[in-house]
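1. mind folding the following:
(3 chains)
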Amino acid sequence: MARAIVNAPPRAKRGEIIEIKTLAAHAMETGFRRTQLGELIPRDIIRRFTCTYNGVEVYRVDLHPAVAANPLIAFTTIATETGTLSFQWVGDNGYSVTETAPIRVE
Amino acid sequence: MTTRAARLFLALSAVRLFVGPAAAGEIPLPERRSGYEFMSRETRAVQDDDTGNPGTLWVLDGEALWKRKAGAADRACSDCHGDARESMKAVAARYPAFDPALRRPVNLEQRINACRVGRQKAPALAYEGKDLLALTAYVARQSRGLPINIAIDARSKPFLDAGSETFHRRQGQLNLACAQCHDEHWSGKLAGSPITQAHPTGYPLYRLEWQGLGSLERRLRACLAGLRAESYPYGAPELVDLELYLMWRANGMKVETPAVRP
Amino acid sequence: MTTRREFLVLAAASLAAPTAAKAQLDPNLAAKRKAAYEEALGKVVGGAPVRAGRVKLQLPPLIDNGNSVPLSVAVESPMTAADHVKAIHVFTQRNPLPEVVSVHLGPRAGRAGVSTRVRLADTQTVVAIAELSDGTFWSDSAEVVVTLSACLEEGLI
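-> Prediction:
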């Protein structure tokens, strides 16, 4: 099951600002919708997205129901050193997804 | 709404007056425009970028399913068809296609299920379920950029005609025919949204309204509900005939799967 | 297609849930949501003044569908340890909830910004607030016109 797509450059120059684009598979149920019989569909969203770079948090987003389904989050970070970019999405009902991307910095 | 009221409503809501081709004729190839051209720049950008296009999530799932063994025969799609990028190239562009065993056209979803049941000896996948959408999206993705190529012969002509008849017939409480909006009033507006030519170039597609990927049949059922007409169940011959007609009417246009639409 | 049985259940449910129906017809809805926005904004900035500028909030002026609207925020900042953007908050004034996203970042981001896609319930004003390392707040706002698709599906088809 494709849970997330990450687009990050595999290589960069030291100090370069790199662009990262992420897409997570999630319905982001707002908790405001109702079924045809009038029952409220409970909220079920991704609540937090974190990017860590060799274990150090460099970017964090708190998400609310106003974020669209299959959330796209695009941001930048400085290519400081060779290592691993780690992306984590955490949400309701125990949702937790982690993806990593290696980066080589010259 | 009476027929007269419906006509008045359309005339009042259309931005441009009726200057289109005769009601019975299809849009000539040079004038065929994809729904892509009726969307905002921003939504087009979502479709164009594979990483940002949510439809990609389903395509990736389909790729995984393609390689997964299933059923009593314990066979994966790839066991017979190998690499989909080669074997499925241009396949979706010619569906719906005539099935000699059933002696009628079938759409891509039905063809996939025929393999599931007949070759993999697995239960059929549910219409509009995650797995069937993923596999259909993955197969159709292999036709992206290629021209739609529905070939009609003596066997399939009656079904094309049936689909055409559905497209041109007034239906539902609104008593409107598909052709009235999509042949005669495309580029006008209905309640603020652009009326497209209704070419199914990118199915299954990610529809912002659904916040998910869906099939052409889902879209057709929604259209029929919009007309306040009785909708057909998934896989119904009436829907497949209409799909055949719509794809044939779009011949020559490029496949865009997985498209993004409002 | 709603069967007769489903219709009767629906009718019974709507009679039994008058409070739910009332919430959807609240004539003070716009005012209540604006107040909720002011409260949420207050929680972030405290009593500090919010200055217009340095923040660029980008939204398409007319959007295809309120379910997914591309939004991006960019903040002018050298992003050094001494002078950087600590957080970016996005609010709406007419959604059921005012908060959209809160971004927490620092000098390692290189550029202060975020791009995402959001849900907008109505034609309204969207506001982006940047919190700087020196404790000041800066903002930008954008007006969006939201139209809905014409043909509505039944239930959850």
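
2. which residues does the one residue sitting closest to the centre of chain A bridge with?
-> Closest residue to the average C-alpha location of chain A: A:Phe49 at 4.6 Å, with C-alpha atoms, centre = their mean. For A:Phe49, the beta-bridge partners under DSSP bridges are A:Val61, A:Trp89.

3. relative to C:Val103, how far out is it?
-> Using C-beta to C-beta, to the nearest Å, A:Phe49 is found at 9 Å from C:Val103. (C-beta placed from N, C-alpha, C; glycine too.)

4. what's the answer for C:Arg4, then?
-> With distances taken as C-beta to C-beta, C:Arg4 is found 51 Å from C:Val103.

5. same thing with B:Leu216?
-> The spacing between B:Leu216 and C:Val103, counted by C-beta to C-beta, is 38 Å.

6. who has more neighbours out of these two?
-> Remark: of B:Leu216 and C:Val103, C:Val103 carries more neighbours, 27 against 23, as counted by other C-beta atoms under 10 Å in any protein chain shown.

7. still on that earlier bit, ok, the residue nearest to the centre of chain A - contacts?
-> Neighbour list for A:Phe49: A:22, A:24, A:60-61, A:63, A:71, A:73, A:87-89 [criterion: C-beta atoms under 8 Å, 6 or more residues apart in numbering or on different chains].

8. and the pLDDT at B:Trp16?
-> In this structure residue B:16 is Arg, not Trp. With respect to pLDDT, B:Arg16 has a value of 38.

9. sorry, that was for B:Gly82
-> So B:Gly82 comes in at 97 (pLDDT).

10. got it, and B:Met1?
-> Note on B:Met1: pLDDT of 51.

11. C:Val145 now?
-> We have a pLDDT of 88 for C:Val145.

12. repeat for the one 5 residues further on
-> Reading off the per-residue confidence, C:Ala150 sits at a pLDDT of 43.

13. residue ranges with poor pLDDT in chain A?
-> Scanning chain A for pLDDT under 70 picks out nothing.

14. cool, and chain B?
-> B:1-25.

15. so it: which segments form each domain?
-> Following automatic domain parsing, chain B resolves into domains at B:3-49+B:151-261, B:55-141.

16. what residue in chain A is the furthest from its centre?
-> Here the centre of chain A is the reference, and by C-alpha atoms, centre = their mean the most remote residue is A:Leu37, at 33.8 Å.

17. for C:Arg51, list the residues it contacts.
-> C:136-139.

18. chain A contacts on chain B?
-> Within chain B, the positions near chain A by C-beta under 8 Å from any C-beta of the partner chain are B:51-52, B:54, B:56-58, B:60-61, B:64, B:211-212.

19. taking these one by one, which sit in helices?
-> B:56-58, B:60-61, B:64 (DSSP state H).

20. out of these, the closest to chain A would be?
-> B:Leu60 (3.6 Å; C-beta to the nearest C-beta).

21. who's in contact with the closest one?
-> Residues counted as contacts of B:Leu60 (C-beta under 8 Å, 6+ apart) are A:2, A:5.

22. please repeat the previous calculation with a cut-off of 6 Å.
-> Residues near B:Leu60 by C-beta atoms under 6 Å, 6 or more residues apart in numbering or on different chains: A:Ala2.

23. what subset of the ones in helices among the residues of chain B next to chain A is buried?
-> B:56-58, B:60-61 (16 or more other C-beta atoms under 10 Å in any protein chain shown).

24. would you reformat those as JSON lines and include distance to C:Val55?
-> Formatted as JSON lines, these follow (distance: C-beta to C-beta, whole Å):
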{"residue": "B:Thr56", "distance to C:Val55": "31"}
{"residue": "B:Leu57", "distance to C:Val55": "32"}
{"residue": "B:Trp58", "distance to C:Val55": "36"}
{"residue": "B:Leu60", "distance to C:Val55": "35"}
{"residue": "B:Asp61", "distance to C:Val55": "38"}
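
25. strand partners of the helix or strand that B:Tyr206 is a member of, parallel vs antiparallel please.
-> Taking DSSP states H and E as the definition, B:Tyr206 sits inside strand B:205-207. Here strand B:205-207 is paired, per DSSP bridges, with strand B:212-214 (antiparallel), strand B:260-261 (parallel).

26. report whether stretch C:62-74 contacts chain B.
-> Yes. Against chain B, stretch C:62-74 shows contacts by C-beta under 6 Å from any C-beta of the partner chain at C:64-65, C:67-68, C:70.

27. what's the answer for stretch A:71-80, then?
-> Yes. Stretch A:71-80 is in contact with chain B by C-beta under 6 Å from any C-beta, via A:Leu72.

28. how far does that stretch sit from the chain's center?
-> 10 Å (C-alpha atoms, centre = their mean, to the nearest Å).

29. do stretch B:236-255 as well
-> Centre-to-centre, stretch B:236-255 and its host chain are 7 Å apart (C-alpha atoms, centre = their mean).

30. buried ones in it, by neighbour count?
-> Residues of stretch B:236-255 classed as buried: B:239-251, B:253-255 (neighbour count, 16+ other C-beta under 10 Å).

31. just stretch C:122-131 next, same as before
-> So, applying 16+ other C-beta under 10 Å, buried residues of stretch C:122-131: C:122, C:124, C:126-131.

32. hmm, who's touching it?
-> Contacts of stretch C:122-131 (C-beta under 6 Å, 6+ apart): C:55, C:57, C:73, C:75, C:85-94, C:137-143, C:145-146.

33. then stretch A:95-105?
-> Around stretch A:95-105, the neighbours that count as contacts under C-beta under 6 Å, 6+ apart are A:3-4, A:6, A:8, A:11-12, A:14, A:79, A:81-82, A:84-90.

34. cool, and stretch C:84-98?
-> Counting by C-beta under 6 Å, 6+ apart, stretch C:84-98 makes contact with A:32, A:66, C:33-34, C:36-37, C:40, C:44, C:73, C:75, C:77, C:100-104, C:106-107, C:112, C:121-122, C:124-133, all of which sit outside it.

35. and the gap between the spatially most central residue of chain B and A:His64?
-> Nearest to the mean C-alpha position of chain B, by C-alpha atoms, centre = their mean, lies B:Leu216 at 3.5 Å. The gap separating B:Leu216 from A:His64 is 34 Å, by C-beta to C-beta.

36. now the strands for the chain?
-> In the absence of a named chain, chain A is used. A:4-7, A:11-12, A:17-24, A:46-53, A:56-63, A:72-78, A:83-91, A:96-105 (DSSP state E).

37. ah, no, chain C please
-> For chain C, strands defined by DSSP E occupy the ranges C:50-52, C:55-58, C:62-63, C:69-75, C:85-92, C:99-105, C:112-118, C:124-132, C:137-146.
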